[in-house]
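Undergrad: What shape does this take:
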Amino acid sequence: MSFADFCNTTAQKLAKMIRDLQPNILINDRLPNCGDFETPEQFIPSHPPDHAWETCLTINESWGYNSDDCNFKSSRQLIHTMCEVAGIGGNLLLNVSPMGNGQIPPEQLERLKDIADWMESHSESILDTTPGLEPWQFYGPSTRNGVRASRAGGNRIYLHLLMKPYETISVRGIPIKRVKSVFVLADGTALTYTSRCAIMDSILNSNPLGELTIDVPESVINPYVTVICIDIDS
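TA: Residues are numbered from 1 along each chain as shown. This is a model prediction of the structure:
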């Protein structure tokens, strides 16, 4: 038996023992060929895995407490990562590393508070969502939440603006005649928009796909990520 075969056989035996003890358990891919989900570490995959997955990320560069590691990711970077992961259908596992006395380092507490404050008014665009638009349709992460939107009789798309827009943003390939409203998720501010499509599509098609141009004034910009909702009539 080769070493690879030995490792695979051992992993299969261990997985069977684990599932016998806890049938509903989830095993990650660190147990070779036995995982229920994949765990890319410290990066977002360029293409989402075919199976369930979560990005495993540290707040600085160390999994455990390291007093010499002062290379902390900014709150903006962490929130951006969370939005990008949600936009391609993954989960984010964010590591916290307590000090020897059990306390969380103040740098990590600061970033966790910033994330919590942002999530207080934006969690709807992250939790229980599915991937939204294709990259060519909108230049940034986007998600959908059909459960929440269905209560209002439609489908809701969340656009995550990772960079400050130059006055407007564009969304392409959506049913422009079914757009019910466009607004800022954090406070419900309604946004003005215009739409366009091919002339013949407008004449011959009652439900044409086209381009939406949304006005985004300076007053609605969030310092971390601005989230804009598009409600589409189902």
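
Undergrad: Against W53, how distant is D36?
TA: 10 Å (Cβ to Cβ, to the nearest Å). For the C-beta atoms, the positions are set from N, CA and C on the backbone; glycine is no exception.

Undergrad: Tell me which of those two has more neighbours.
TA: W53 (21 against 13; other Cβ atoms under 10 Å).

Undergrad: ok, and the closest non-adjacent residue to the more buried one?
TA: E38 (4.1 Å; Cβ to Cβ, 6 or more residues apart in numbering).

Undergrad: check contacts around that neighbour.
TA: Shown in contact with E38 (Cβ atoms under 8 Å, 6 or more residues apart in numbering): N28, D29, P49, H51, A52, W53, E54.

Undergrad: Out of those residues, grab the one that's most surrounded.
TA: That'd be W53 among those, by other Cβ under 10 Å, with 21 neighbours.

Undergrad: show me where pLDDT drops low in the protein?
TA: For the chain, the stretches flagged by pLDDT under 70 are 1, 3-7, 146-154.

Undergrad: If we use 80, what do you get?
TA: 1-8, 146-154, 200-206, 234 (pLDDT under 80).

Undergrad: and H51, what helix or strand is that in?
TA: Following DSSP states H and E, there is no helix or strand that holds H51.

Undergrad: Touching, it and P40? I think so.
TA: No: applying Cβ atoms under 8 Å as the test, H51 and P40 come out as separate, 11.8 Å apart.
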